[in-house]
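> got a sequence here, can you model it:
(one chain, ligands or ions: 1)
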Amino acid sequence: MKVTVVSRSGREVIKGGLELSDSATVADLQEAIHKRTKKFYPSRQRLTLPLPPGSKERPVVLSYKKNLKEYCDGNLGNLTVVFKDLGPQVSYRTLFFCEYLGPLVLYPVFYYFPVYEFFGYKGKRIIHPVQTYALYYWCFHYFKRIMETFFVHRFSHATSPLSNVFRNCAYYWTFGSFIAYYVNHPLYTPVSDLQMKIGFGFGLVCQLANLYCHMLLRNLRRPGGNGGYQIPSGFLFNIVTCANYTTEIYQWLGFNVATQTVSGYFFLVVATSIMTNWALAKHRRLKKLFDGKDGRPRYPRRWVILPPFL
Ligand SMILES: NC(=O)c1ccc[n+]([C@@H]2O[C@H](COP(=O)([O-])OP(=O)(O)OC[C@H]3O[C@@H](n4cnc5c(N)ncnc54)[C@H](OP(=O)(O)O)[C@@H]3O)[C@@H](O)[C@H]2O)c1
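Below you'll find the model as predicted:
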């Protein structure tokens, strides 16, 4: 089979095309492209079927596990694919590890080291119990996220663009330092003992619930499977589509009830709005995938992220 590889502007990317066996898969084609153009390793390549000129439709993305013949549409000897360079990639695990390592390391710096001297506070710093518990709570949260990244999540995509590492690290590292600065500040005023206990207690329960939600999501995919989407069910997923985000938001609420800083509440608002947007998209995707037609199950009625509001 002859495969012609063109760019989106129609220019030939591999001069003279590629000759592959009739049983070749998309993954074989990606390997063959990589052999001819060392820079474009398979996860950097996005291969689609060409669209008729002027078409506004979305192109069909070639799935690496499928046989090339499935995309030939009658003409088995010839196939033209459109190549797009996705840019340098990193694995999802690397991305998540980098973004979570920042807050895990930076927060204790504000607690243990005399950082505030650089900001002009020369007096002795008294550490309140709530600041110590906040440190444990914070570190447990980010340690848990790193462990989940390596041992729980089953991602659908192997890689993400390298540029996301810089964007996501900027978000997590800046917010982590911003919150740590105020919670550990020498002029920090602690909340009442009861409020602290309610906040951390509630937050901890939500963190454990969040871990359980991630384990339920993990079980929706087989190890080494094709990364598709299923209807999440069990525990809070019977009521809300993105129960993992719900518990994430509530655990930050618990942290903020206990520590009560403007920076912490500001982060809660930003994180909630980001997760709400993602949750709306995930809810829409599941409703579209499970539309109750042609034997497909119908997605049950559920809240999106924050019952009883959304
Ligand atoms: N504080 C913040 O600002 C913030 C923001 C975002 C996330 N987080 C935390 O980080 C965690 C992970 O975030 P995330 O956005 O990666 O979560 P996510 O997409 O909802 O899910 C986590 C894992 O489950 C998989 N999954 C989700 N729905 C599925 C379904 N219906 N069928 C099969 N697999 C499914 C995902 O696969 P895919 O690889 O296909 O997505 C992903 O590997 C969150 O749950 C939350 O605790 C915090």
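> so which bits of the stretch 201-310 of the chain are right by the ligand?
Counting by CB under 6 Å from any ligand atom, the stretch 201-310 of the chain comes close to the ligand at 210, 217, 220-221, 229-230, 232, 244-245, 248, 271, 274-275, 278. (Each C-beta comes from the backbone N, C-alpha and C, glycine too.)
> please redo it, this time with the cut-off set to 8 Å
Residues of the stretch 201-310 of the chain lying close to the ligand by CB under 8 Å from any ligand atom are 210, 213-214, 217-218, 220-221, 227-232, 242, 244-245, 247-249, 252, 267, 270-271, 274-275, 278, 282, 286.
> show me those residues that map onto strands.
The members of those all map outside strands under DSSP state E.
> quick one: buried ones out of the residues you listed?
Using 16 or more other CB atoms under 10 Å as the burial test, those include 210, 213-214, 217, 220-221, 232, 242, 244-245, 247-249, 252, 267, 271, 275, 282, 286 as buried.
> same for the biggest helix by length in the chain, what does it pack against?
Counting residues, the longest helix in the chain under DSSP state H turns out to be helix 262-289. Contact here means 3 or more CB pairs under 8 Å, 6 or more residues apart in numbering; DSSP states H and E; on that basis helix 262-289 packs against helix 163-183, helix 243-259.
> looking at the ones you listed, which is buried most?
Ranked by mean neighbour count, those are led by helix 243-259 with a mean of 23 (mean count of other CB atoms under 10 Å).
> can you show me the strands along the stretch 51-200 of the chain?
78-85, 89-91, 159-161 (DSSP state E, counting those that start in this stretch).
> take the ones you listed and write them to JSON lines, including distance to the ligand and mean pLDDT.
Listed next are those as JSON lines, based on distance: least, CB to the nearest ligand atom, whole Å; pLDDT from 0 to 100:
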{"stretch": "strand 78-85", "distance to the ligand": "20", "mean pLDDT": "92"}
{"stretch": "strand 89-91", "distance to the ligand": "12", "mean pLDDT": "94"}
{"stretch": "strand 159-161", "distance to the ligand": "10", "mean pLDDT": "92"}
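> can I get those in a markdown table with mean neighbour count?
As requested, these are exported to a markdown table (neighbours: other CB atoms under 10 Å):
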| stretch | mean neighbour count |
| --- | --- |
| strand 78-85 | 18 |
| strand 89-91 | 17 |
| strand 159-161 | 18 |
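> tabulate those strands (JSON lines), appending distance to Ser192.
Converted to JSON lines, the strands of the stretch 51-200 of the chain look like this (distance: least, CB to CB, whole Å):
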{"stretch": "strand 78-85", "distance to Ser192": "57"}
{"stretch": "strand 89-91", "distance to Ser192": "45"}
{"stretch": "strand 159-161", "distance to Ser192": "43"}
